[in-house]
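**Student:** predicted model follows, preceded by the sequence.
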Protein chains: 2
Amino acid sequence: MDKEKFIISAFANSINGDDGAVINNHCYSKDLFCENVHFKRNWMSLEQIGAKAMLVNISDAIVMNSIPKYALLGLSLPKNLSLQDIKKIQQGLMQEANNFKVQIIGGDTIADDKINISITIISIINQNQKAIYRKGLKKDDLLAFSGKLGDSLKGLKILQRGSKLHSAHRFIRPKLRQDFFYDIAKKINASMDISDGLKKDLSRLLTVNRLNIKFLKKLSFFELNSAEEYEILFAFNKKHKAYIENMAKKHRIKINIFAKTKIGRYIYHGKEHHF
Amino acid sequence: MDKEKFIISAFANSINGDDGAVINNHCYSKDLFCENVHFKRNWMSLEQIGAKAMLVNISDAIVMNSIPKYALLGLSLPKNLSLQDIKKIQQGLMQEANNFKVQIIGGDTIADDKINISITIISIINQNQKAIYRKGLKKDDLLAFSGKLGDSLKGLKILQRGSKLHSAHRFIRPKLRQDFFYDIAKKINASMDISDGLKKDLSRLLTVNRLNIKFLKKLSFFELNSAEEYEILFAFNKKHKAYIENMAKKHRIKINIFAKTKIGRYIYHGKEHHF
């Protein structure tokens, strides 16, 4: 058993195991964004680090069909950062918080040797709708992802070779699909964001639902293995296909319907990302 | 301006700046508990590290007059920890969560080089009562703290000399005063937990309320400067003195009424802890 699975199972209960935890009409989610784990300092500006930390957390709320409202920050900041540097991180965090009308309501700050950002997002389930979980997949559901996958991994490789990425590159600034997703959410049986690569995230989705899939098309290595895409993996009954395709058109978003669920067990052959 | 104050002011709004942020009848708090910042590995067992991380977070909810209900965890764990080690941290976290009937509802885990624990506590304001903030202090209020102060700093010095502390020592396992505090909360004008030392925390309380104090007794260096006590600093109108002393007796808790507020500005002469 990998260590992450062990930890999650150790705390297992009826609420956790999703991108967010739903209590009444609230959803709570928390992700870490850490130097030398999720980013290196020379890959991104301090504003971009702050902005991405906020975005990847907001992403969790969106895929639960929940509207992000408040954020709590836990900031570990190196002693040698200047006030100017700290202001840049703060500006990045605030910029994306403002874009999504999220109010920062508190948190904690310590001096440490690396930039580690922990964010908790408090969100409210989309009015008169239900939260969408990883669980809920039905046999014969269609599986799709928003946008296109692969660029994040390509960007990572460019950074690892020592080159820089454009500020609009997906690895620097993930593009979230909130308006599209809130519009289709009523028709969706299960969803999650693609943070560890489609192949790995798909294995989580299928395992929790005890289903297998039949691929409807061949996906590339990059599509299957690119982490930190923050596109949405979602499932729906085929009768909603036209509606969802129309909504994608309305929002000018590409969607890729790539598989169909079937009875069986999905076995993941790939590396465990976190340890 | 010290960096922590800078960061807090950068995110300033009407909600933050307290131990917890109150939205409707919910309170949200988040503290970090980090290796080589708050503890060293050879000072405490892994169970004790997990337990203290949970306790110091629950403390924030209590001093807001809020009942802790749910927790989200952000765990950075070194790659070289064994499953057995991780289980110990988990047991410590769970033990105190269970003691306070707190359910762990989610979170995130990464592999890093140190043990860093970030916890968000979701709590519900004590039924039919109000949250208690740092703000709310009135002129001529009495200021008191629960328990006795100083042992945490004494314990820290013992650890720094290379000796060990008993598992019941305050530095290892802070004693929270929830039952007493919930009983007196209706009479309290302002409160906070003593995490950075009475002298420093007092300066925060007085600054936000634009008041000064007159000491009613002399406090020792250890009482003034011992951090991580997690005793409660609280203020009340002198007409409630007998009630509060009775409640302290009922709960067998020592309280120390040490000062009275007065018009004026309190100037803090001491080191800034966080940077």
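**Tutor:** Structure received.
**Student:** the stretch 101-250 of chain A: helices as residue ranges?
**Tutor:** Listed in chain order, the helices of the stretch 101-250 of chain A (DSSP state H, counting those that start in this stretch) span residues A:151-160, A:178-184, A:198-209, A:221-225, A:241-250.
**Student:** now do the fourth one: which elements does it pack against?
**Tutor:** Just to be clear, that refers to helix A:221-225. Packing contacts for helix A:221-225, counted by 3 or more C-beta pairs under 8 Å, 6 or more residues apart in numbering or on different chains; DSSP states H and E, involve helix A:151-160, helix A:198-209. Placement of C-beta: from N, CA and C, glycine included.
**Student:** repeat that with 10 Å
**Tutor:** helix A:151-160, helix A:198-209, strand A:255-263 (3 or more C-beta pairs under 10 Å, 6 or more residues apart in numbering or on different chains; DSSP states H and E).
**Student:** now distance to B:Tyr243, mean pLDDT and mean neighbour count too, for the ones you listed, in JSON lines please.
**Tutor:** Listed next are the helices and strands packed on helix A:221-225 as JSON lines, based on distance: least, C-beta to C-beta, whole Å; pLDDT from 0 to 100; neighbours: other C-beta atoms under 10 Å in any protein chain shown:
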{"stretch": "helix A:151-160", "distance to B:Tyr243": "60", "mean pLDDT": "96", "mean neighbour count": "17"}
{"stretch": "helix A:198-209", "distance to B:Tyr243": "53", "mean pLDDT": "94", "mean neighbour count": "20"}
{"stretch": "strand A:255-263", "distance to B:Tyr243": "63", "mean pLDDT": "97", "mean neighbour count": "18"}
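**Student:** which one of the ones you listed lies closest to B:Leu75?
**Tutor:** helix A:198-209 (18.2 Å; C-beta to C-beta).
**Student:** report the angle between the closest one and strand A:255-263.
**Tutor:** 40 degrees (axes from the mean of the first three to the mean of the last three C-alpha atoms, to 10 degrees).
**Student:** ok, now which ones touch the closest residue to A:Lys260 other than its chain neighbours?
**Tutor:** Excluding the flanking residues, the one nearest A:Lys260 by C-beta to C-beta, 6 or more residues apart in numbering or on different chains is A:Lys214, at 5.2 Å. Remark: with contacts taken as C-beta atoms under 10 Å, 6 or more residues apart in numbering or on different chains, A:Lys214 is in contact with A:Asp140, A:Leu143, A:Ala259, A:Lys260, A:Thr261, A:Lys262, A:Gly264.
**Student:** which one of these sits closest to chain B?
**Tutor:** Nearest to chain B among these is A:Leu143, at 23.8 Å by C-beta to the nearest C-beta.
**Student:** just to check, that closest one is in contact with A:Thr261?
**Tutor:** Yes. In this structure, A:Leu143 is within contact of A:Thr261 by C-beta atoms under 10 Å, at 6.6 Å.
**Student:** joint contacts of these two?
**Tutor:** A:Leu137, A:Asn189, A:Ala190, A:Leu205, A:Leu206, A:Leu211, A:Ile213, A:Lys214, A:Ala235.
**Student:** is it possible to get TSV of the residues you listed that adds distance to A:Phe33?
**Tutor:** Below are the shared contacts of A:Leu143 and A:Thr261 laid out as TSV (distance: C-beta to C-beta, whole Å):
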residue	distance to A:Phe33
A:Leu137	29
A:Asn189	29
A:Ala190	25
A:Leu205	23
A:Leu206	27
A:Leu211	31
A:Ile213	30
A:Lys214	35
A:Ala235	27
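**Student:** among the contacts of A:Lys214, which two are most distant?
**Tutor:** A:Leu143 and A:Gly264 (14.2 Å).
**Student:** distance to A:Phe100 for the helices and strands packed on helix A:221-225 - can I get that in JSON lines?
**Tutor:** Compiled in JSON lines, the helices and strands packed on helix A:221-225 are given as follows (distance: least, C-beta to C-beta, whole Å):
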{"stretch": "helix A:151-160", "distance to A:Phe100": "20"}
{"stretch": "helix A:198-209", "distance to A:Phe100": "22"}
{"stretch": "strand A:255-263", "distance to A:Phe100": "22"}
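**Student:** where does the stretch 51-200 of chain A have low pLDDT?
**Tutor:** By pLDDT under 70, the stretch 51-200 of chain A has no low-scoring segment.
**Student:** cheers, nothing more for now.
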